[in-house]
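J.: compute the structure for the input listed below.
(2 chains)
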Amino acid sequence: AQSVTQPDIHITVSEGASLELRCNYSYGATPYLFWYVQSPGQGLQLLLKYFSGDTLVQGIKGFEAEFKRSQSSFNLRKPSVHWSDAAEYFCAVRSSGGYQKVTFGTGTKLQVIP
Amino acid sequence: DGGITQSPKYLFRKEGQNVTLSCEQNLNHDAMYWYRQDPGQGLRLIYYSQIVNDFQKGDIAEGYSVSREKKESFPLTVTSAQKNPTAFYLCASSIEYFANEQFFGPGTRLTVL
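T.: As a prediction, the model looks like this:
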């Protein structure tokens, strides 16, 4: 069965600093991978997704993620964090074979300090 | 603007009462989903519907029921059989069953007193 691990429950960074949120997945074949962002009390918004091809994926709001098959990882990065990036971030995985449900990680809450 | 609406945003109910959460989409999507979100547990799938008049149990369906009589609507009923109903509930939709992107509504926070 597929699974997703986000090892960091909470991360604090200074505004303007770089950010990396970790995501590790467990799946036998090449998965479809997603990052979503959730502002407090709101729904989820898709930041970016990886299906195939270039392993470095660009998303909205200046975010990018890199798929590393050898490490079963799909870490989310941003070179310079803005205060408005404070939110909870969810990594998700889906089987690439046929129609399968999406499995979400437990989330990483990002705090941005001035 | 197309999107998903959920109502109400906050809902309070007494223990033992059934309550229905509304979810409407105008994206012309075939598939719709209900998730439950609890702190530190991510999103867990309650029910999903691939098409009108069809729905399937997700991972945590006990104590919940749904209907899909119209393409645009997928209401969720939290019954008195649900042992711990207080949570944040998210509705989502996609073009087809677990297609490449799911679109989420703003959520309903249910508190059972």
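
J.: grab the nearest non-local neighbour of the residue nearest the centre of chain B.
T.: Against the mean C-alpha coordinate of chain B, by C-alpha atoms, centre = their mean, the closest residue is B:Trp34 at 3.0 Å. Across the structure, with C-beta to C-beta, 6 or more residues apart in numbering or on different chains as the measure, the residue nearest B:Trp34 apart from its sequence neighbours is B:Ile46 (4.3 Å). Using the backbone N, CA and C atoms, a C-beta is placed for each residue, glycine as well.

J.: quick one: secondary structure of the one you found?
T.: Classification of B:Ile46 by DSSP: H, G, I helix; E, B strand; the rest coil places it in strand.

J.: does it touch B:Arg36 like I think?
T.: Yes - the criterion here is C-beta atoms under 8 Å, and B:Ile46 meets it with B:Arg36 at 5.5 Å.

J.: for the residue in chain A positioned nearest to chain B, give me its contacts.
T.: In chain A, the residue found nearest to chain B is A:Gly43; the distance is 3.5 Å by C-beta to the nearest C-beta. With contact taken as C-beta atoms under 8 Å, 6 or more residues apart in numbering or on different chains, A:Gly43 is in contact with B:4, B:6, B:90, B:92, B:104-107.

J.: turn these into TSV, including secondary structure and neighbour count.
T.: Compiled in TSV, these are given as follows (DSSP: H, G, I helix; E, B strand; the rest coil; neighbours: other C-beta atoms under 10 Å in any protein chain shown):
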residue	secondary structure	neighbour count
B:Ile4	strand	23
B:Gln6	strand	21
B:Leu90	strand	26
B:Ala92	strand	25
B:Phe104	strand	22
B:Gly105	coil	25
B:Pro106	coil	17
B:Gly107	coil	22
